[in-house]
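**Q** This is the structure alone, sequence omitted:
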DNA sequence: GCCGTTTTCGGCCCGACTGTTTTCAGTCG
């Protein structure tokens, strides 16, 4: 079994931690860590990139790491890691995951007490053996026990669809307090990441203390992880960690920019600032001398808006969703930032269900709900016959349904157009769930994987290719089949999927349901670069699920998607024209 | 380990909070 991108990323990240425990210089450590992060979010397989000989074109991959990647691709292992793991117990990588334990402490426990695993550490802490070590005391011993308990409670990353409303509720509460003049959700939620590690909130106020005190004493707080005058962290009863920072309003721009991240983007911003003669932090730009020392007597530049922060560096404002140091700084410098799609651009929803299969509303009710939300046209796409559990439509029923769709379309009197489609299963054996004679009667055909998602790469890829190669199929729904936060995507050869979609002009979906957000941003970006049409759909099974469109738009924006690439931003005439060109 | 119209060698972002310290190291984001 060849190693996947994810497995290679894991090895690099383990190497980074082991090197850090060993005491290696931090920049070498960070090279491995950054390489791991980059590879984790890569939209292409390392196999394909290696075959092209372009591994070193990946940012942060030089000759050394390219050689190591090649070794892993060819042999499935990395000698350098094996050697390192023989020298430094690899169990320490887990120990470092305990909150409050870093590489230095892990090394201390290992060297002094021969501790190499979390259970050993917990036992030592409970026996009071840690408190006498250098730099340790009773409090830090207690914190380690708490850290281990927190780790076992930890639910992992939280889907954006859960974290965002929770964050908004807390922020709303804080903004009712006197002295809170401005507030924002920052961090990875603001950047629209599909899953969230912790919630970052920012409030502007000249009097932070009462707001901080309220924050750490909220009823949903399980424990206070840190409590300072401008920065506090709490763990909620539901396990979510929330960080709050409070700064003066005159510093809102630098603060929001800093607290939104990503860290990699911040580093680039600070490097740019240094080149321009400033040290940049969350408070201000501070002039530095040629040695890089801050000139305390020189006036600082305060920014009350993010626009001003970027302008100080000679840049246009960069949308949060693309602040990942994945080319946005260079694009901004060149004046080539994309005009990202917005929710207002969305004209239609091309994937939804009704009571004909597993939805909760009739065709007419879905049309009314879509109209209320400003949609100009929709496609009714109930499940196909193979999805018996979802009350999928037999050939007879889907033909019947068409009559009702046509009738509702008439009834709506042009206020909204209602088209007839289907979400057709791609069956396990790779065949499609309706014959061409049925498909050709439909206005729009979505084909989706729902079952046998764990098939080997070649087999499952071929299923998707079969669908794309059918001229009646217009869109591949939720192409990778992931469910957040836990179900892994199918092992698809995305290069092959993209090539086929490009050849046939088949669209790929960004499913807006926050459980899916599939395609993910990096794949959407790649698809758009290749000229493949995108469709952002809610897959709504009820009226209120139509309101989830914003999550899909966020994901699209993370993928640098502009409205022009998205079918359902088009006016209905253009949509009809597109489907007719495809033989409808 | 990466990277480069200042550099192929010598840099590599910055600050808050904690707990242990008598002035700071470690951790975190």
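**A** Cool, got the structure. This is a predicted model, so every value here is computed, not measured.

**Q** ok, residue A:239 - how many residues close by?
**A** 13 (other C-beta atoms under 10 Å). Heads up, the C-betas are built off the backbone N, CA and C, glycines and all.

**Q** Please work out how many residues are found near the residue nearest to it when sequence neighbours are not counted.
**A** Counting by C-beta to C-beta, 6 or more residues apart in numbering, residue A:239 lies nearest to residue A:155, which is 4.9 Å off, once chain neighbours are set aside. Neighbour count of residue A:155, defined by other C-beta under 10 Å: 10.

**Q** is it true that residue A:155 lies in a strand?
**A** No - per DSSP: H, G, I helix; E, B strand; the rest coil, residue A:155 lies outside any strand segment and is coil.

**Q** tell me the domain ranges of chain A?
**A** A:5-153, A:158-247, A:255-333, A:343-581 (automatic domain parsing).

**Q** Comparing these, which stretch has the densest surroundings?
**A** domain A:343-581 (a mean of 20; mean count of other C-beta atoms under 10 Å).

**Q** For that one, what is the distance to the chain centroid?
**A** On the basis of C-alpha atoms, centre = their mean, to the nearest Å, domain A:343-581 sits 21 Å off its chain's mean C-alpha point.

**Q** same thing with stretch A:270-278?
**A** For stretch A:270-278, the distance to the chain centre is 29 Å (C-alpha atoms, centre = their mean).

**Q** Give the rounded mean pLDDT of that stretch.
**A** In this model, stretch A:270-278 has a mean pLDDT of 93.

**Q** before we move on, what about stretch A:218-225?
**A** 93.

**Q** got the contact list for it?
**A** Defining contact as C-beta atoms under 8 Å, 6 or more residues apart in numbering, one finds that stretch A:218-225 is touched by A:99, A:146, A:170, A:173, A:216, A:232-239, A:241.

**Q** what's the closest of these to DNA strand B?
**A** Of all these, DNA strand B sits closest to residue A:99, with 4.5 Å by C-beta to the nearest atom of the strand.

**Q** Distance of residue A:554 relative to residue A:211?
**A** Distance check for residue A:554 against residue A:211: by C-beta to C-beta, to the nearest Å, it reads 28 Å.

**Q** tell me what the helix or strand where residue A:331 lies is packed against?
**A** Counting by DSSP states H and E, the element that carries residue A:331 is helix A:328-333. On a contact count with 3 or more C-beta pairs under 8 Å, 6 or more residues apart in numbering; DSSP states H and E, helix A:328-333 meets helix A:263-275.

**Q** which helices and strands does the helix it packs on pack with?
**A** helix A:252-260, strand A:278-280, helix A:328-333.

**Q** The longest one close to DNA strand B?
**A** No - if you take C-beta under 7 Å from any atom of the strand as the test, helix A:252-260 misses DNA strand B, and the best it gets is 7.8 Å.

**Q** got the contact list for that helix?
**A** With C-beta under 8 Å, 6+ apart as the test, helix A:252-260 has contacts from A:182, A:184, A:186-187, A:190-191, A:200, A:202, A:204, A:245, A:247, A:266, A:269, A:280-285, A:302-310, A:320, A:323.

**Q** and the next element down the chain from the helix or strand hosting residue A:556?
**A** Taking DSSP H and E as the definition, residue A:556 sits inside helix A:549-558. Counting by DSSP H and E, the next helix or strand C-terminal to helix A:549-558 is helix A:572-581.

**Q** and residue A:434, that's in a helix?
**A** No - Residue A:434: not assigned to a helix; according to three-state DSSP it is coil.

**Q** Read off the pLDDT value for the residue of the stretch 401-550 of chain A found nearest DNA strand B.
**A** For the stretch 401-550 of chain A and DNA strand B, the shortest gap (C-beta to the nearest atom of the strand) falls at residue A:485, measuring 17.2 Å. In this model, residue A:485 is scored at 88, pLDDT.

**Q** Verify the stated contact: it with residue A:161.
**A** No - here residue A:485 does not reach residue A:161: they are 10.3 Å apart, not a contact under C-beta atoms under 8 Å.

**Q** just to revisit the earlier point, looking at the helices and strands packed on helix A:263-275, which is nearest to residue A:364?
**A** Comparing the helices and strands packed on helix A:263-275 against residue A:364 with C-beta to C-beta, the closest turns out to be helix A:252-260 (42.9 Å).

**Q** and that closest one, what's its mean pLDDT?
**A** 97.

**Q** what's the answer for stretch A:529-537, then?
**A** On average, stretch A:529-537 scores 98.

**Q** where do the helices sit along the stretch 51-200 of chain A?
**A** Counting by DSSP state H, counting those that start in this stretch, the stretch 51-200 of chain A has helices at residues A:63-75, A:79-87, A:92-95, A:103-113, A:118-126, A:138-153, A:160-175, A:187-190.

**Q** Where among these is average confidence lowest?
**A** helix A:138-153 (a mean of 92).

**Q** Run the chain-centre distance for that helix.
**A** Per C-alpha atoms, centre = their mean, the centroid offset for helix A:138-153 relative to its chain is 29 Å.

**Q** roughly how far apart are residue A:496 and residue A:48?
**A** To residue A:48, residue A:496 is 10 Å away according to C-beta to C-beta.

**Q** Check residue A:360 too.
**A** Distance from residue A:360 to residue A:48, by C-beta to C-beta: 43 Å.

**Q** same thing with residue A:262?
**A** Distance from residue A:262 to residue A:48, by C-beta to C-beta: 26 Å.

**Q** same check, this time on residue A:453
**A** Residue A:453 is 22 Å from residue A:48, where distance means C-beta to C-beta.
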